[in-house]
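**Student:** build me a model from this:
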Amino acid sequence: MNKVEHIGIAVNSVKLAGEIYSKLLNTPVYKTETVESEHVLTAFLQSGPNKIELLEALNDDSAIAKFITKKGEGIHHIAFEVDDINAEMERLKAEGFVLLNDKPKLGADNKLVCFVHPKSANGVLIELCQEMSV
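**Tutor:** Sure, this is the predicted structure:
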């Protein structure tokens, strides 16, 4: 794993949370995107080398809606950048981690993604991210 790629925060409203985080970080939301596979609307902010992803549920069946119902708004996941997501998935499986995906899927911000079950990582949902080739 190369670095923390972003921190994902579950919110009720990307618009309202974007306004708050824009003021807090003194930087605008630079991108919003719908990720149909996850049923979420995302918004990204960047402060120096650090990125924040805000996640709003698009329906009651989304993982974000369930998270907010159970835990309220707040940190949802930490994402790590990897060079080879398939190799990293195999390495983690060999180490005994439980993955939530059998293969990488398309995520936000032109990334291939895979999630590590929170029970495998001391209660923290981990996302692996690999930049897609253009």
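**Student:** what about the nearest residue to Glu127 once chain neighbours are set aside, neighbour count?
**Tutor:** Excluding the flanking residues, the one nearest Glu127 by C-beta to C-beta, 6 or more residues apart in numbering is Ala79, at 3.9 Å. Quick note: C-beta positions are derived from backbone N, CA and C, even for glycine. Residues within reach of Ala79, counting by other C-beta atoms under 10 Å, total 25.
**Student:** so what's Ala79 bridging to?
**Tutor:** As for beta bridges, Ala79 partners with His6, Glu127 under DSSP bridges.
**Student:** enumerate the positions of stretch 99-119 that are buried.
**Tutor:** In terms of neighbour count (16 or more other C-beta atoms under 10 Å), stretch 99-119 has its buried residues at 99, 104, 107-109, 111-116.
**Student:** contacts for it, please.
**Tutor:** 5-6, 31, 33, 35, 37-38, 40, 42, 44, 53, 77, 79, 85-86, 88-89, 92-93, 97-98, 124-132 (C-beta atoms under 8 Å, 6 or more residues apart in numbering).
**Student:** Ile7 is in contact with the residue nearest to Glu127, correct?
**Tutor:** Yes: Ala79 is within contact range of Ile7, at 7.3 Å (criterion: C-beta atoms under 8 Å).
**Student:** just checking, which helix or strand of this structure averages the lowest pLDDT?
**Tutor:** Ranked by mean pLDDT, DSSP states H and E, the helix or strand of the chain with the weakest confidence is strand 105-106, at a mean of 92.
**Student:** downstream neighbour of that strand in the secondary structure list?
**Tutor:** strand 111-116 (DSSP states H and E).
**Student:** so which elements touch the helix ranked longest in the chain?
**Tutor:** For the chain, the helix that runs over the most residues, judged by DSSP state H, is helix 14-25. When contacts are defined as 3 or more C-beta pairs under 8 Å, 6 or more residues apart in numbering; DSSP states H and E, helix 14-25 packs onto strand 29-35, strand 40-47, strand 50-57.
**Student:** need the winner for burial among the ones you listed.
**Tutor:** Here the criterion is mean neighbour count by mean count of other C-beta atoms under 10 Å, and of the helices and strands packed on helix 14-25 the winner is strand 50-57, at a mean of 22.
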